[in-house]
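Student: show me how the following folds:
(chains A, B and C)
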Amino acid sequence: MTAAVPLRARLRRAHSTTQTGARRREGIIAVGMAAPAVLLLFVFVVIPIGLAFVLAFTSARLVSPTPARFVGLRNFAMLAEDPVFLRSVLNTFVFAAVVVPLQAGVALGLALLINARFRGTDFFRTVYFIPVVTSMVVVSIVWTLLYQKDGLLNRVIEAVTFGQVEGPDWLNDPSTSLAAIVFMSVWQGAGFHMIIWLAGLQTIPADLYEAASIDGVSRWTRFRYVTWPGLRATRTFVLITITIAAFSLFTQVNVMTQGGPLDSTTTVVYQAVRSGYQQQQTAYASAISLVFFVLVLIVSLVQRYLTREKD
Amino acid sequence: MNARTRRLARASLAVITATAALTGCATGGGGSGGQGGALKLWTHNAGNAAEYAVVEKIVNDFNASQSTYKVEIEAFPQGAYNDAVVASASSKKLPCILDVDGPNVPNWAWGGYLAPLEISDGEVPVADQLPSTVGKYQDKVYAFGFYDVALTMFARKSVLDENGIRIPTADQPWTRAEFTAALTALKATGKFEHPLEMGTGGSGEWWPYAYSPQLQSFGGDLVDRTTYKTADGTLNGPEALDWAKWFRSLVTDGYMAQKSGASPNDDFLNGKSAIEWDGSWDAAKNVEKLGDDLVILPPVDFGKGPKIGGASWQWAMSANCSEPDGARAYLEFSRKTKYFTEYAKATGTIPATDAAAAQIPGYEPGGRYEPLVRAARDFAVVRPVTPAYPFIASVFEKAAKDVVAGADPDSALDEAVKQIDANLKMNDFYAG
Amino acid sequence: MSTRSSQSRATSGPPTAWRRLPVHAVRVVLALFFAFPVVFMLVSSFKPDQQIFGDLSGPRAFLPVGDLSLTNYTAVFERVPALRFLLNSLAISATTVVLGIVVNSLAAFALSRMRWPGRKLLLTLIIATLIVPFETFALPLVWWVNELPWLELNGFGLTLTEGWLDTYRVQVLPFVAHGFSIFLFHQYFQSIPKELDEAALIDGAGWFGIYRRIVMPLSGPAIATVAILTFLPAWNSYLWPLMVVQQEELRPVMVGIQYFFQLNPSWGEIMAYSSMITVPVLALFLAFQRSFINSIASSGVKG
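Tutor: Next comes the predicted model:
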């Protein structure tokens, strides 16, 4: 940043020189501007990730009297035979596949609901945003209490159905536990994406809506042909942010279920943390992270390919 | 628009100034280890004022008693303590003196974190201590504790009497059949959501601490303690299988919750359960709330006698301490009966020596809490003395949770054995 | 910036009260749904433990009834240096936000508005760094930051010291540059017409001048979004400070939660402390929400 001032001065002086000279200077200044971020990312993200990936090929432990040694692909061979790891990959993908459309949809619904001029817009916006600003640890603790067999959620279900339906033991039943975590995750995250959608909605030129209302089309048609195409860029943004957050699902699981019951909520990041910290198997945890990285990279590339094709 | 940018810049400047001021307050004393007579001491007691006060008192007494060394306390919250220690060890920043949870002693000793305690006894001989309060690995003492905790069953006398259930004693604990009969009778009253509160909502070390003693009472164990080279036959033998089926049956018969609520002790006090399997740390609170109606019961004998887990927090010195003499001096100094007494008084735990127990109301022979002292002395089994313990504990926790949730006990225990054996083999059986 | 928006058009037709009523009812129900855990948290923070669990299975859980007192709050202050932790978190989060806005927007500016070889590849690589969750490389990072040098200003001038553990900077600097913020600024900057730059260059402005005088003043919405996106994780950080901070004076708020998980956690105190660390963030949001959302709304996130 400090280098930019003399560079700017130089650029001024160079204003009348040739086009290529200006280009070269533009390049130098650009590199200077990008440098702080790139340097920080390199030191605090790229290097440690590199270190973690190298560890995946060693015998490194969290606590050990002997230095780590190179063990080739041993950790990956173990990984391939680890049923819990395979289950956590499956769970992670299921979670992402459900949460991405669901959270995006709920958030869009909320945005449409309050994208109107009425008294109390600010109030509702803030209330819908409350879960976002509440720490995930706190939120997870509260939801654990609500999800208990005799907890409030089941009491509500009982009351609404006049005692006809007895709610399940949400977090302790393998058939409902992941769904319960999906539900609270969407609840927690929807408010943020509601705001992103809201922003997108308001970039749609008003005259398009005017034209639509002159034609007297239905609400759905208006949404389908005016609103939805107008949100193309916002869609990509929402998709990417939810996908990344969904794949790194950890805190809720760690607080609420610790992967159980019967591995129904275990996730890749949860397994990496459990192996690396509790079980002190640093190298094995690194192998999990490396495989995870490759998997998510593939998904992002596919996602990018698909969204690009539609354009 | 420009005004906004300016506002932002002003705000940033204010923030940075504030940060600098805060940093100024907190710099200095950053180096750990002991330089120039200062010794760092770490404890897991942040947020636990009662126990912290005793640590502070001993440190103050020690600092006042001599002028060569000055011990400085840094307290961490319990749930974060192990991660903080391991992270510091990886960057060679361990303090000279630190406390350690008993079952972790072999792991930290093996990993080179701890130095053997070559200390003289101080005022209290080590031989006088409850065996579970001395942390040993490979015949060397690495740590000692001032207290232990005990597992016990709490119940209301009135409830047991009403249902014609015999009140067991340490000499004549409940048998498995009696226990089942008691649960059946309590369940039949319909007054309790679950007659038995086992604390199944907990996680982490609670699982091996609370449930492996029951496994041991059935005749199984976490690992074969004669060789520490396999868990085959001990964690998945017929006795262990019997335990696993029994454990699951508590859920299927409706005696116990598959996962307890967030506060099992409050649930017990609120009358949601009749018998609570819990630690001695809740004894004082229960006595206060229930008075004479509270009974403190010994654990059930499932065949091999009643068992509870032994070993709580203990004190040790780090291997890379630059002032080992100072650390030893402090640890020796702390071995006074009055400190043993004060720890137990402050924390409601079981004092590690009889001399201390005699001075604490309720813990003396015939006292209100004597059953806890008895249990700690006669029924305590330390968790497997191996550096593999953290791994074994984590695997056991998952296996036991799976069993309670309805996994096939056979395959759950076999999978656990497979993982433990693979880990032992991969680490050359933790020879090193 | 245009104040005209599609708001009035979004609900076309006669704005009669009866037509709006069902929609409004939905809004209210949803508001209850999104607010209730926080209400539960606040209400419970005034109740003794045993009552919290007694009330749990009924509507009483959400009502300030029974034995209410500030006992939990006074207990919190006895157990945790809460004020110190709040100030620490405030300083750490705010510094991260301010530095993050500057550093990331500069990089995004270079990536989106200037032409130089390799910028597309660099952007892809920056986005790729987002894939790896922090938990999975935290441990190598602990070891690594402990090896890093630091220039320290003392009475004699600059000296080179080693090791970053146990400082404020170790809680700030690793989180300043963030692929996501760069991506967001990049998307936003692309929506600002490039003709503005060309005109400014002809007028003799430098690139840094364009950044500071033209692009950044037009980027309020992006700045607000990045600020929130950076502030929340910084405020909520837990694993990292746990591993790198030893002195109590340097700990942030989330580590404080662990102070309450003793053998027998006091849930009332946990709720009180949770309220104490949530309310400031909520207040901050309330104070800024108009400019935050309205500024986003006035131009939007564009791609």
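Student: get me the contact residues on the stretch 51-200 of chain A for chain B.
Tutor: By Cβ under 8 Å from any Cβ of the partner chain, the residues of the stretch 51-200 of chain A that approach chain B are A:59, A:61-66, A:78, A:83, A:141, A:144-145, A:148-150, A:169, A:171-172, A:174. Where C-beta positions appear, they are placed from N, C-alpha and C, glycine not excepted.
Student: try 6 Å
Tutor: Where the stretch 51-200 of chain A comes near chain B, counting by Cβ under 6 Å from any Cβ of the partner chain, the residues are A:62-65, A:145, A:148, A:172.
Student: nearest to residue C:128, of the residues you listed?
Tutor: Among those, residue A:62 lies closest to residue C:128 (Cβ to Cβ), at 27.2 Å.
Student: so the closest residue to the closest one other than its chain neighbours, which state does it fall into?
Tutor: Residue nearest to residue A:62 in three dimensions, not counting chain neighbours: residue A:280, with 3.8 Å by Cβ to Cβ, 6 or more residues apart in numbering or on different chains. The three-state label given to residue A:280 by DSSP: H, G, I helix; E, B strand; the rest coil is coil.
Student: follow-up on the earlier one: which of the residues of the stretch 51-200 of chain A next to chain B fall within strands?
Tutor: Per DSSP state E, strands hold no members of these.
Student: is chain B contacted by stretch C:247-258?
Tutor: Yes: Stretch C:247-258 is in contact with chain B by Cβ under 6 Å from any Cβ, via C:249-250, C:258.
Student: what is the burial count for residue 213?
Tutor: Here I'm looking at chain A. 14 (other Cβ atoms under 10 Å in any protein chain shown).
Student: actually it's chain C I care about, not the one you picked
Tutor: 15.
Student: three-state assignment of it?
Tutor: Following three-state DSSP, residue C:213 is assigned to helix.
Student: quick revisit: what subset of the residues of the stretch 51-200 of chain A next to chain B is buried?
Tutor: A:62-64, A:145, A:148, A:172 (16 or more other Cβ atoms under 10 Å in any protein chain shown).
Student: can you pull the contacts of the residue nearest to residue A:62?
Tutor: Taking Cβ atoms under 6 Å, 6 or more residues apart in numbering or on different chains, we find residue A:280 in contact with A:61-63, B:390.
Student: can you tell me which of those is nearest chain C?
Tutor: residue A:62 (7.5 Å; Cβ to the nearest Cβ).
Student: show the pLDDT at that closest one.
Tutor: The model reports residue A:62 with a pLDDT of 87.
Student: the residue of chain C found nearest chain B - nearest residue in space that isn't next to it in sequence?
Tutor: Scanning chain C for the residue nearest chain B gives residue C:259, at 2.9 Å (criterion: Cβ to the nearest Cβ). Using Cβ to Cβ, 6+ apart and skipping the chain neighbours, the partner closest in space to residue C:259 is residue B:47 (2.9 Å).
Student: wait, a strand at the one you found?
Tutor: No: Residue B:47 is assigned coil when assessed by three-state DSSP, not a strand.
Student: could you point out the longest helix of chain A?
Tutor: Counting by DSSP state H, the longest helix found in chain A is helix A:83-114.
Student: how far away from the center of its chain is it?
Tutor: Centre-to-centre, helix A:83-114 and its host chain are 9 Å apart (Cα atoms, centre = their mean, to the nearest Å).
Student: same question for stretch B:181-191.
Tutor: So, by Cα atoms, centre = their mean, the centroid of stretch B:181-191 is 31 Å from its chain's centroid.
Student: give me every residue in the stretch 201-350 of chain B lying close to chain C.
Tutor: For the stretch 201-350 of chain B, the residues found near chain C under the criterion Cβ under 6 Å from any Cβ are B:263, B:266, B:270, B:281.
Student: what about the second one, how many neighbours?
Tutor: For residue B:266, the number of neighbouring residues by other Cβ under 10 Å comes to 22.
Student: OK, contacts around residue C:284?
Tutor: Residue C:284 makes no contacts at all, as judged by Cβ under 6 Å, 6+ apart.
Student: residue contacts, whichever residue of the stretch 151-300 of chain A sits closest to chain B?
Tutor: Relative to chain B, the nearest point of the stretch 151-300 of chain A is residue A:261 (3.5 Å; Cβ to the nearest Cβ). Contacts for residue A:261 (Cβ under 6 Å, 6+ apart) come out as A:172, A:174, B:405.
Student: what do you get if the cut-off is 10 Å, keeping everything else the same?
Tutor: A:169, A:171-177, B:258-259, B:401-402, B:404-407 (Cβ atoms under 10 Å, 6 or more residues apart in numbering or on different chains).
Student: among those residues, name the buried ones.
Tutor: A:169, A:171-173, A:176-177, B:258-259, B:401-402, B:404-407.
Student: out of the residues you listed, who's nearest chain C?
Tutor: Using Cβ to the nearest Cβ, those come closest to chain C at residue A:169, 13.5 Å.
Student: many thanks, I have nothing further to ask.
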